[in-house]
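Undergrad: Give the three-dimensional model of this entry:
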Amino acid sequence: MTCQPCLATAVLLSLAMPALAEVAPKDVVYNEGKIEASLTGTPGDPANGIKVMTTNALGNCVACHTIAALPDVQFPGNIAPPLDGVASRWSEAELRGIVANAKMTFEGTFMPAFYKTEGFIRPGAGYTGKAPEGDLPPILTGQQIEDVVAYLLTLKE
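TA: Numbering: from 1, shown residues only. As a prediction, this is how the structure comes out:
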């Protein structure tokens, strides 16, 4: 049973505290490819990270990467490095930067910039006729980036 005064206090506090806004892709600060601060202020959920990484319409990381911890993935890719042990090689800030825009760390990579909205034109019927600068959403939301990073941080050697 929930304490009514406690519930009332929690509701009042939630109304009084402003919600943390997601950092807009154009406002992200990269420090040598790293993004030190969370994009949302909300911790990532590793289970949601798996969903993003294995869903075609979202990140679909497994189209290029293998992950031994996810043996049920059909047709995992092998054109990018395996993600096993990635948390032992990269810090949270480095992983956040790589997932958001790997080109900030690896200049010649073919990995898409998942949290970028400017400086490129996206092909495809869903984007045809839309301006190439600034009015397209990023491929992933800031929270989805945080979720992917949370899952990647579980992949230690």
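
Undergrad: gap between Ala113 and Gln74?
TA: Ala113 sits 26 Å away from Gln74, taking Cβ to Cβ, to the nearest Å as the criterion. To be clear about C-beta, it is placed using only N, CA and C from the backbone, and glycine gets the same treatment.

Undergrad: who's more crowded, the two?
TA: The neighbour comparison of Ala113 against Gln74 (other Cβ atoms under 10 Å) goes to Ala113, with 20 against 6.

Undergrad: Now do the same contact list for that one.
TA: 100-103, 120, 139 (Cβ atoms under 8 Å, 6 or more residues apart in numbering).

Undergrad: I'd like these as a markdown table, with secondary structure and neighbour count appended.
TA: What follows is these, written out as a markdown table (DSSP: H, G, I helix; E, B strand; the rest coil; neighbours: other Cβ atoms under 10 Å):
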| residue | secondary structure | neighbour count |
| --- | --- | --- |
| Ala100 | helix | 27 |
| Asn101 | helix | 23 |
| Ala102 | helix | 18 |
| Lys103 | helix | 17 |
| Phe120 | coil | 13 |
| Ile139 | coil | 18 |
